[in-house]
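*Asks:* I need the structure of the sequence given here:
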Amino acid sequence: MLGLLAVVLFILLVVSIYHEARSLLNPILLIVFLMVSYLAIVEFLYSHGYYTAYGVFLLLLISTPLIIFLGGLFLVYNGIILLHKEGFSKINLLSLCLGLMITSFFLFMVIRIHHSTHLLFNRFIASLYALLSASFFIFSVAFIAFMLYSILYLIIPKNKHYDYIIIHGAGLLHGNQVTPLLKRRIDKALEAFRQSKNSQVKLIASGGLGSGETISEAAAIANYIRKQASDIPNDRLLLEEQSHSTYENLLFSKQLAEKEMKKPRFLFVTNAYHVFRTSVYARRLHMAGDGLGCSTAAYYIPSAFIREFIAIVVYLKWLFIIVYAWFIIALIYSFFR
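*Replies:* Predicted coordinates for the structure are as follows:
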């Protein structure tokens, strides 16, 4: 039965990706498919007498809390490395804070299990524990689903015909120079420009004037291109200098492109971890196109994925609010029953 369900889920996932690879339904289908498939394998091994393999798979399932706890410790370590290499900032604190939250949750669980009979207001503590456990489960599954599909999205075949290549800006070095991170985005865009099947494809350098910057990010991108890629004609490079967020990068670039043609097709070039969220926003703006990702320093990836996930949670805030409201009402009802 579980095997059949896994097959059905796989077919639904493939159809959904084929219909719209940028849909937020796809991460949900992917994680449910993987969970059901795992249980189907466990069921198959047990029913066919492969008890050793069954034991290994079952042990891995039981060890999930331990794996998550070790993941929390890794995030703490990664957060320290990130702060050491990149300096102190709110964004650079993300992996450290999440790691501390995960390890603190497990500490709370240990206290709850070993001292449950000695805690005052035990019923209230039980309700709080249920809320924390549900939150941990919901956000853990959602984060894993988002991360796995973001990786899968990078390898899904893309249409190589596009009219505009959008280079997403990033903070500048010394207020007027591209950073190594932004340089990788530009180099990836130039590679796509030269490989494009459209001989009239254009580049859009997108990014406004940020805090502490003396020129816009778009201007810095353009300066880099003119120095490093002299084969790019000036009329094939457009500047969008108003945006201050990923969503605005896309919105203002779309408006710029639509002044020249109807229904243009875009390629959004950014870092690999950022591609899926960018594509989700593009879908919301009814922009035809795909995302293309460039590499990122390994130590920066955990924090980057956390930031991307937080942005998606904010994007879907009403869904999470409804889920939490329902759960809190159920807890209050059980508490006073």
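
*Asks:* which non-adjacent residue is nearest the residue nearest the centre of the chain?
*Replies:* Central residue of the chain (Cα atoms, centre = their mean): E308, 4.3 Å from the mean position. If the residues on either side of it in the chain are set aside, E308 comes closest to R277, at 5.1 Å by Cβ to Cβ, 6 or more residues apart in numbering. (Each C-beta comes from the backbone N, C-alpha and C, glycine too.)

*Asks:* What is the subsequent helix or strand relative to the helix or strand where that neighbour lies?
*Replies:* Under the criterion of DSSP states H and E, R277 resides in helix 275-284. Sequence order places strand 288-294 as the next helix or strand after helix 275-284, per DSSP H and E.

*Asks:* ok, that next one: who's next to it in the sheet?
*Replies:* For strand 288-294, the paired strands and their directions (DSSP bridges) read strand 265-271 (parallel).

*Asks:* average pLDDT for the partner strand?
*Replies:* Confidence for strand 265-271, expressed as mean pLDDT, is 92.

*Asks:* got the CA positions of that strand in CSV?
*Replies:* Below are the C-alpha coordinates for strand 265-271, written out as CSV (Å, rounded to 0.1, in the frame of the first residue of the first chain):
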residue,chain,number,x,y,z
ARG,A,265,11.6,35.6,-21.4
PHE,A,266,14.1,36.0,-18.6
LEU,A,267,17.1,34.3,-17.0
PHE,A,268,17.6,35.3,-13.4
VAL,A,269,21.3,34.9,-12.4
THR,A,270,22.1,34.8,-8.7
ASN,A,271,23.7,32.5,-6.1
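
*Asks:* Okay, angle between that strand and helix 275-284 too, please.
*Replies:* 150 degrees (axes from the mean of the first three to the mean of the last three Cα atoms, to 10 degrees).

*Asks:* And strand 265-271, how far out from the chain middle?
*Replies:* With Cα atoms, centre = their mean, to the nearest Å as the basis, the distance from the averaged C-alpha position of strand 265-271 to the chain average is 16 Å.

*Asks:* Identify the residues contacting it?
*Replies:* Counting by Cβ atoms under 8 Å, 6 or more residues apart in numbering, the neighbours of strand 265-271 from elsewhere in the structure are 159, 161-168, 181, 184-185, 188-189, 192, 246, 250, 253-254, 257, 275, 278-279, 282, 287-296, 304.

*Asks:* Check which residues of that strand are buried.
*Replies:* 265-271 (16 or more other Cβ atoms under 10 Å).

*Asks:* Distance of Y129 relative to V110?
*Replies:* Noted for Y129: a distance of 12 Å to V110, by Cβ to Cβ, to the nearest Å.

*Asks:* Run a quick neighbour tally on R283.
*Replies:* Other residues near R283 come to 17 when the count uses other Cβ atoms under 10 Å.

*Asks:* again but with L251, I slipped
*Replies:* Other residues lying near L251 total 20 when counted by other Cβ under 10 Å.

*Asks:* Ok, R226 next?
*Replies:* By the other Cβ under 10 Å criterion, the neighbourhood of R226 contains 12 residues.

*Asks:* quick one: which helix or strand includes F320?
*Replies:* In this assignment (DSSP H and E), F320 forms part of helix 317-336.

*Asks:* any idea of the mean pLDDT in that helix?
*Replies:* Helix 317-336 shows a mean pLDDT of 76 in the predicted model.

*Asks:* How far away from the center of its chain is it?
*Replies:* In terms of Cα atoms, centre = their mean, the centre of helix 317-336 is set 26 Å apart from its chain centre.

*Asks:* packing partners for the worst-scoring helix or strand of the chain on mean pLDDT?
*Replies:* Taking mean pLDDT, DSSP states H and E as the measure, the helix or strand of the chain with the lowest value is helix 317-336, at a mean of 76. Under the contact definition 3 or more Cβ pairs under 8 Å, 6 or more residues apart in numbering; DSSP states H and E, helix 317-336 sits against helix 122-155.

*Asks:* Compute the inter-axis angle for the helix it packs on and helix 317-336.
*Replies:* Following the same axes, to 10 degrees, one obtains 160 degrees for the angle between helix 122-155 and helix 317-336.
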